[in-house]
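J.: fold the following and give me the result.
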Amino acid sequence: MRNPRLTAVIVAELDAARRHSQRAGRPARRFKDFMWSTVDSWSRARRVVAQAEWTGGGANPRFVVTSLARAEHQARHLYERVYCARGEMENRIKECQLDRFADRTPVQARGRLSAATMRANQLRLWFAAMAYVLRCGLRRIAPRHTQFAQAACRTIRLKLFKIGALARVSVRRIKIAMASACPCRDEFAIAHSRLTAAARAEHPGSLSDIANPGPEPTPPPLRPASSHRRVRGAARRLPCAPRATPHSHYRE
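T.: Numbering: from 1, shown residues only. So this is what the prediction gives:
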């Protein structure tokens, strides 16, 4: 719910943002900070940072109350680099929780970690956090300058990971044949080439050794067995003589 008294303070900034947005054809914003006090709920006047933004849908004013001094943080820097950075951090935690299934449990658990021990729940969160860090590294290296450069982890998982393909595994390599009508075929090829280049830069020669291994080493010759061992082995393989039955000495 908007506060009309606060909005009235930034009327000039909203009008400037509106003119700039209409002239440039994209959203525009202006910033202003001022001291504000309430009738009885605040004990003293406090600093308020206002964002006067004009988008395609109209005015979008936002206000942040802060105790940081103006000498430390200007209005624009405080809003975009401090306040919005905190919101971005919360978005990343939410992304790890929802897109990496950090709290994925049975339905009856209702979204809570439902393992029997605290260590099991902690291990599950560790695995989800490590997977999220790897996914962020992949997003930073592989799909840059593509439509997935700023994509969420869920989008990368659905578009680049969960793809039907035919995999052929041989002794030396793994071949993956994708459908010619795959909608993300070009992005997948770009991501693969960039990851390969990054791996070669980090560990030069390792991928070439795997792709083109040298000739297999000649196994050492077998040591001939001694004559004593051959005789004993042959003796073990000879059939044994039949044992005499208890009544074999009686004549019919």
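J.: distance-wise, check the residue positioned nearest the centre of the chain relative to Val11.
T.: Centroid-nearest residue in the chain: Arg135, 2.2 Å away (criterion: Cα atoms, centre = their mean). According to Cβ to Cβ, to the nearest Å, Arg135 stands 45 Å off from Val11. Bear in mind the C-beta positions are built from the backbone N, C-alpha and C, glycine included.
J.: do Arg19 as well
T.: Distance of Arg19 to Val11, computed by Cβ to Cβ: 13 Å.
J.: go on, Arg44?
T.: Taking Cβ to Cβ as the measure, Arg44 falls 26 Å from Val11.
J.: the more surrounded of the two?
T.: Ranked by neighbour count (other Cβ atoms under 10 Å), Arg44 and Val11 place Val11 first, with 12 against 6.
J.: model confidence for the more buried one, exactly?
T.: Val11 carries a pLDDT score of 93 in this model.
J.: repeat that for Gly111.
T.: pLDDT for Gly111: 50.
J.: what do you get for Asn3?
T.: Per the predicted model, pLDDT is 85 at Asn3.
J.: pull out the buried positions in the host helix or strand of Ala128.
T.: Using DSSP states H and E, Ala128 sits in helix 118-141. By 16 or more other Cβ atoms under 10 Å, the buried positions in helix 118-141 come out as 121, 124-125, 128, 131-132, 135, 138-139.
J.: how long is stretch 143-154 end to end?
T.: Terminal residues of stretch 143-154 lie 14 Å apart, using Cα to Cα, to the nearest Å.
J.: check contacts around the nearest residue to Ala69 once chain neighbours are set aside.
T.: Computed as Cβ to Cβ, 6 or more residues apart in numbering, the closest residue to Ala69 that is not its neighbour in sequence is Arg47, at 7.8 Å. By Cβ atoms under 8 Å, 6 or more residues apart in numbering, the contact list for Arg47 reads 33-36, 65-70.
J.: just the closest of those to Cys182, please.
T.: Thr66 (49.1 Å; Cβ to Cβ).
J.: which SS class is the closest residue to Lys175 other than its chain neighbours?
T.: In space, not counting the residues next to it along the chain, Lys175 is nearest to Arg168; the distance is 4.4 Å by Cβ to Cβ, 6+ apart. State at Arg168, reduced to three classes by DSSP: H, G, I helix; E, B strand; the rest coil: strand.
J.: contacting residues for Arg168?
T.: By Cβ under 8 Å, 6+ apart, the residues touching Arg168 are 174-177.
J.: which two among those residues are spaced furthest apart?
T.: The span of those, defined through Cβ to Cβ, is set by Ile174 and Ala177 at 10.9 Å.
J.: identify the contacts common to those two.
T.: Both Ile174 and Ala177 are in contact with 167-168, where contact means Cβ under 8 Å, 6+ apart.
J.: Trp54 belongs to a strand, doesn't it?
T.: Yes: counting by three-state DSSP, Trp54 falls inside a strand.
J.: from memory it sits against Ser21, does it?
T.: Yes: between Trp54 and Ser21 there is a contact under Cβ atoms under 8 Å: 4.5 Å.
J.: compare those two (neighbour count), which wins?
T.: In this comparison of Trp54 against Ser21, neighbours counted by other Cβ under 10 Å, the higher total goes to Trp54 at 23 against 17.
J.: I appreciate the help and will end here.
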